[in-house]
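Q: A structural model of the following input is requested.
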Amino acid sequence: MVKVEKINCDNINYAVYRIGNWENDYEINILGTASEIPVTKPTLEHMVKQMDHIRASVFNIGGKEVNGMIGLAMQFNPSFASRDIDELIELEEKEHENILDELNSLELKDAKDVIFLDTDEFVIYKLEYDGHTLSPKPYNDYAKRHQMEEIKRLKELSGERFVLDL
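A: Below you'll find the predicted structure:
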């Protein structure tokens, strides 16, 4: 599977994460509910852009406009449907600030550092353009295993409504 042996940490064609825990607890922020912590500056920048893109989407739920992060959270976790929309909006804003603080305080690998792709230390995705968006494809065996675990976790969280065929 691995086509190249190593990458430089400034390579924008790869997203590199370590598996870990965030300092704060997140219910709504999709990126904060995952255990993937960015390791390189391009990965961090990609995460922030992803988050901004999701938040820029607008949904009308219960007569109120909410951002895409809340819309996705409601899709993945049906229990949010019974919660007060204003409470969810406030919670999402707080989570957004917290995750930005966490991302901005991460110690990242130096741009000149090298990461070997055949590792179980880092989850590595190759970023491929699929015509409309940038799509992360698992690039090492560790990323494949981690992605399957995440799909199982999301299915459990969503009550089996989540469908994704690989």
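
Q: correct me, but Leu72 touches Ile54?
A: Yes: between Leu72 and Ile54 there is a contact under CB atoms under 8 Å: 6.5 Å. All C-beta atoms are positioned from the backbone trio N, CA, C, and that covers glycine.

Q: Mind listing the shared neighbours of these two?
A: Ile30 (CB atoms under 8 Å, 6 or more residues apart in numbering).

Q: can you pull the contacts of the closest residue to Gly68 other than its chain neighbours?
A: Leaving aside its sequence neighbours, Gly68 sits nearest to Ser57 (CB to CB, 6 or more residues apart in numbering; 3.1 Å). By CB under 8 Å, 6+ apart, the contact list for Ser57 reads Asn67, Gly68, Gly71.

Q: Output the residues you listed as a markdown table; include the columns pLDDT, distance to Trp22 and secondary structure.
A: Rendered in a markdown table, the data for these read as follows (pLDDT from 0 to 100; distance: CB to CB, whole Å; DSSP: H, G, I helix; E, B strand; the rest coil):
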| residue | pLDDT | distance to Trp22 | secondary structure |
| --- | --- | --- | --- |
| Asn67 | 96 | 20 | strand |
| Gly68 | 94 | 20 | helix |
| Gly71 | 90 | 21 | helix |
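
Q: Which single one of those residues is nearest to Gln50?
A: Closest approach between those and Gln50, by CB to CB: Gly68, at 10.7 Å.

Q: For Asp118, see how far away the closest one is.
A: Between Gly68 and Asp118 the computed distance is 36 Å (CB to CB, to the nearest Å).

Q: So if I had to pick from those two, which one is more boxed in?
A: Neighbours per residue, other CB atoms under 10 Å: of Gly68 and Asp118, the larger number sits with Gly68, 17 against 12.

Q: With Glu92 as the reference, measure out to that one.
A: Relative to Glu92, and taking CB to CB, Gly68 is found at 10 Å.

Q: Can you tell me the centre-most residue of the chain?
A: Leu31 (3.6 Å; CA atoms, centre = their mean).

Q: which residues does that residue contact?
A: Met47, Gln50, Met51, Ile99.

Q: In JSON lines, list those along with neighbour count and distance to Lys6.
A: Output for these, formatted as JSON lines (neighbours: other CB atoms under 10 Å; distance: CB to CB, whole Å):
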{"residue": "Met47", "neighbour count": "18", "distance to Lys6": "22"}
{"residue": "Gln50", "neighbour count": "16", "distance to Lys6": "25"}
{"residue": "Met51", "neighbour count": "20", "distance to Lys6": "28"}
{"residue": "Ile99", "neighbour count": "20", "distance to Lys6": "29"}
